[in-house]
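[1] Quick one, structure for this:
(one chain, ligands or ions: 2)
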Amino acid sequence: MNEPVRVAVTGAAGQIGYSLLFRIAAGDMLGPDQPVILQLLEVTPALKALSGVVMELNDGAFPLLHGIVTSDDPKVAFKDADYALLVGAMPRKAGMERGDLLSANGGIFKPQGEALSEVASRNVKVLVVGNPANTNALIAQQNAPELDPKQFTAMVRLDHNRAISQLAAKTGAPVSAVKNITIWGNHSSTQYPDLSQATVNGQKALDLVDQQWYEEEYIPTVAKRGAAIIEARGASSAASAASAAIDHMRDWALGTQDGEWVSMGIPSDGSYGVPEGLIYGFPVTIKNGEYSIVQGLPVSDFSRQKMDATAQELTEERDAVRELGLVK
Ligand SMILES: NC(=O)C1=CN([C@@H]2O[C@H](COP(=O)(O)OP(=O)(O)OC[C@H]3O[C@@H](n4cnc5c(N)ncnc54)[C@H](O)[C@@H]3O)[C@@H](O)[C@H]2O)C=CC1
Ligand SMILES: O=C([O-])CC(=O)C(=O)O
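    Ligands and ions are numbered 1, 2, ... in the order given. The predicted structure is shown next:
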């Protein structure tokens, strides 16, 4: 058994938290040999509700759960954290785009970036889930001068998982047969779920479906799935978002399978002509806790236009938070 690691989760009393914490405690994120100490951050009015969640975590009698800390102070919740899942933010309601949340949520991520920079483990791996996730990750990153910018990532894994599931359903294959889908860009309706390199049971996905379905049904279904969930459930995705957060962190910590990649929102190094510094969804492989962008994939004119459109939206979001003084 390894020494326990510290996992900070913000917004821990919220709906994603309610799914996420139990899966982390069960070992789904870091494996069956890795004990965890949960460090849970909430706003002061939600601490009572959080105390109820803590009671339930204790009642789960999870063997891997070695301790729980709760606080309304980021410097307490992030102290020595090895992993930080920044979930706490205002979710969108029917009729809103995720960008509408920029000013409401931007103010949360600056102090959290500062606190991570000050007190977290020097190797902390940060995942931003709270929307607009890419730009919130940028805000936290830009306010964490003592950490490596690569330590800040945003979640596009839910989109990636949705893209797998939709393709599996269309082709009648199990989800495990689908490989190498990429979500490029923003976790928003401009994202580009790219099937050009995807395979289903080793066959090229685009040989199995027609282009019209791909362009007119598949891409919008994946990109607008969050809104469809809000419409149906009356609340935004929670259990599937928690599951995607587990997948993102598990792969980052434990690595990807040989010959396969996953999608992560990471700081662009200029690869594929994406403006440097934007937190943008890329195909990545992961080894020894380090992610690398999959290089050398062909980019068609169709892909180029989609990849540029979502980069453009992220550039506009960055400009908007710059105006608010949240990033340089
Ligand atoms: N990247 C992705 O794929 C997805 C992102 N989301 C986003 O995740 C976020 C959380 O969603 P839910 O759990 O459904 O919302 P929720 O409203 O149920 O929970 C959010 C929690 O965050 C807390 N919170 C607010 N400000 C905080 C702060 N400064 N520090 C700590 N905690 C704070 C609130 O008190 C609340 O308990 C939303 O922004 C939502 O849009 C949701 C689904 C998918
Ligand atoms: O759509 C929303 O606002 C919640 C979310 O990010 C998603 O389900 O992808």
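[2] buried residues in stretch 211-218?
    Tyr214, Tyr218 (16 or more other CB atoms under 10 Å). Just so you know, the C-beta spots here come from the backbone N, C-alpha and C atoms, and that holds for glycine as well.
[3] Regarding that stretch, how distant is the last residue from the first?
    Start-to-end span of stretch 211-218 (CA to CA, to the nearest Å) is 10 Å.
[4] count of residues packed around Pro35?
    Neighbourhood size, Pro35 [other CB atoms under 10 Å]: 18.
[5] nearest spatial neighbour of it, skipping sequence neighbours?
    Among residues not flanking Pro35 along the chain, Pro4 sits closest, at 4.0 Å (CB to CB, 6 or more residues apart in numbering).
[6] mind pulling up the phi and psi values for the one you found?
    phi -60, psi 150 (degrees, to the nearest 10).
[7] what do you get for Ser71?
    Dihedral angles for Ser71 - degrees, to the nearest 10 - are phi -160, psi 160.
[8] Name the residues linked to it by a beta bridge.
    Leu41 (DSSP bridges).
[9] Report whether the expected contact of it with Val43 is present.
    No: under the criterion of CB atoms under 8 Å, Ser71 makes no contact with Val43, lying 10.8 Å away.
[10] and these two? which has more neighbours close in?
    Neighbour count, other CB under 10 Å: between Ser71 and Val43, Ser71 has more, with 19 against 13.
[11] who touches that one in this structure?
    Neighbouring residues of Ser71 by CB atoms under 8 Å, 6 or more residues apart in numbering: Gln39, Leu40, Leu41, Glu42, Ala77.
[12] switch the cut-off to 10 Å
    By CB atoms under 10 Å, 6 or more residues apart in numbering, the contact list for Ser71 reads Ala8, Ala12, Gln39, Leu40, Leu41, Glu42, Thr44, Leu47, Leu50, Ala77, Phe78, Lys79.
[13] Can I get these in a markdown table including neighbour count?
    Shown next, in a markdown table, are the contacts of Ser71 (neighbours: other CB atoms under 10 Å):
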| residue | neighbour count |
| --- | --- |
| Ala8 | 32 |
| Ala12 | 30 |
| Gln39 | 26 |
| Leu40 | 24 |
| Leu41 | 31 |
| Glu42 | 24 |
| Thr44 | 9 |
| Leu47 | 17 |
| Leu50 | 23 |
| Ala77 | 28 |
| Phe78 | 27 |
| Lys79 | 18 |
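[14] Just put these in JSON lines and tack on secondary structure.
    Shown next, in JSON lines, are the contacts of Ser71 (DSSP: H, G, I helix; E, B strand; the rest coil):
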{"residue": "Ala8", "secondary structure": "strand"}
{"residue": "Ala12", "secondary structure": "coil"}
{"residue": "Gln39", "secondary structure": "strand"}
{"residue": "Leu40", "secondary structure": "strand"}
{"residue": "Leu41", "secondary structure": "strand"}
{"residue": "Glu42", "secondary structure": "coil"}
{"residue": "Thr44", "secondary structure": "helix"}
{"residue": "Leu47", "secondary structure": "helix"}
{"residue": "Leu50", "secondary structure": "helix"}
{"residue": "Ala77", "secondary structure": "helix"}
{"residue": "Phe78", "secondary structure": "coil"}
{"residue": "Lys79", "secondary structure": "coil"}
